[in-house]
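Asker: Predicted structure and sequence below. I'll ask about it afterward.
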Amino acid sequence: MPEGEKLALVIPALREAANLHGLLTRICSALDRARLAWEVIVVDDDSRDGTEEIVGAIAHEERRVRLLVRCGERGLSGAILHGWRHTDATILGVMDADGQHPPESLPAMITAILKGNDLAVASRYARGGRRCWNSLRHLVSIFAMMAARPLQRERARVRDTMSGFFLIRRHCVENVCFQTTGFKLLLEILVRGRIGSVQEVTFAFGKRRAGRSKLSLRVAWDYWLLLARLYRVKYGLIRVVQQAHGD
């Protein structure tokens, strides 16, 4: 086991009680195979759907699982950041609670980090990746990623900028003020984080096991607002610097 290393995997949950028991069981099994100190933090946005009871029962048997409840707050990115703030782990991670991200990919992602990469992304678009989507959703996803491509730096470029399943070294995001609203934290990390190297790990994106998708027009709108903000940050700063040097 690497000395001093610890992973904190955050599971944002909003009305996902029906998925959590089976998912957490698989996560714990996968992480035990990775031979790394770890904890799993479920961040519940006050769902009141039985999440507290389900996670509490699992945490009673497995002390490395715990629950944080946010009241009066919403937003996937905010839930992830909330979980990261409440751990001392050196490696931070996130995956969805709906069963579409396979926990069995975690050991390969951990290996990628321990080999020296700052960021490991579970990718639906790396060679061999699969997606259970209809044609319309696939086209929307491709268009959204193409719109984000100019924002990426060469040394930290990934195919799947919209992935919600990734691990990152804490020092790469420490003291960076990220947007707490919205659903695509990875894109902001790629643009604003201190990332030197990235590895994508192929996985098959599955179907939601239970409950309803959170994908909506509001989610899409938040994504385009984030894109606009990041374009202003990146290219606006470049113009300011160029003007200063020209003077």
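Answerer: Sure, I can see it. The structure displayed is predicted, hence computed values, not measured ones. Residues are numbered from 1 along each chain as shown.

Asker: model confidence over the longest helix anywhere in the chain, on average?
Answerer: The residue-count maximum for a helix in the chain (DSSP state H) belongs to helix 17-34. The average pLDDT within helix 17-34 is 95.

Asker: Remind me what that helix packs against, helices and strands.
Answerer: Packed against helix 17-34 by the contact rule (3 or more CB pairs under 8 Å, 6 or more residues apart in numbering; DSSP states H and E) you find strand 6-13, strand 37-44, helix 51-61, helix 106-114. Heads up, the C-betas are built off the backbone N, CA and C, glycines and all.

Asker: could I get the ones you listed as a markdown table with mean pLDDT and mean neighbour count?
Answerer: Listed next are these as a markdown table, based on pLDDT from 0 to 100; neighbours: other CB atoms under 10 Å:
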| stretch | mean pLDDT | mean neighbour count |
| --- | --- | --- |
| strand 6-13 | 96 | 24 |
| strand 37-44 | 97 | 24 |
| helix 51-61 | 96 | 16 |
| helix 106-114 | 97 | 21 |
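
Asker: could I get the ones you listed as JSON lines with distance to Gly78?
Answerer: JSON lines is the format used below for the helices and strands packed on helix 17-34 (distance: least, CB to CB, whole Å):
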{"stretch": "strand 6-13", "distance to Gly78": "9"}
{"stretch": "strand 37-44", "distance to Gly78": "9"}
{"stretch": "helix 51-61", "distance to Gly78": "17"}
{"stretch": "helix 106-114", "distance to Gly78": "23"}
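
Asker: Identify whichever of these lies nearest to Thr87.
Answerer: Closest of the helices and strands packed on helix 17-34 to Thr87 is strand 6-13, at 3.8 Å (criterion: CB to CB).
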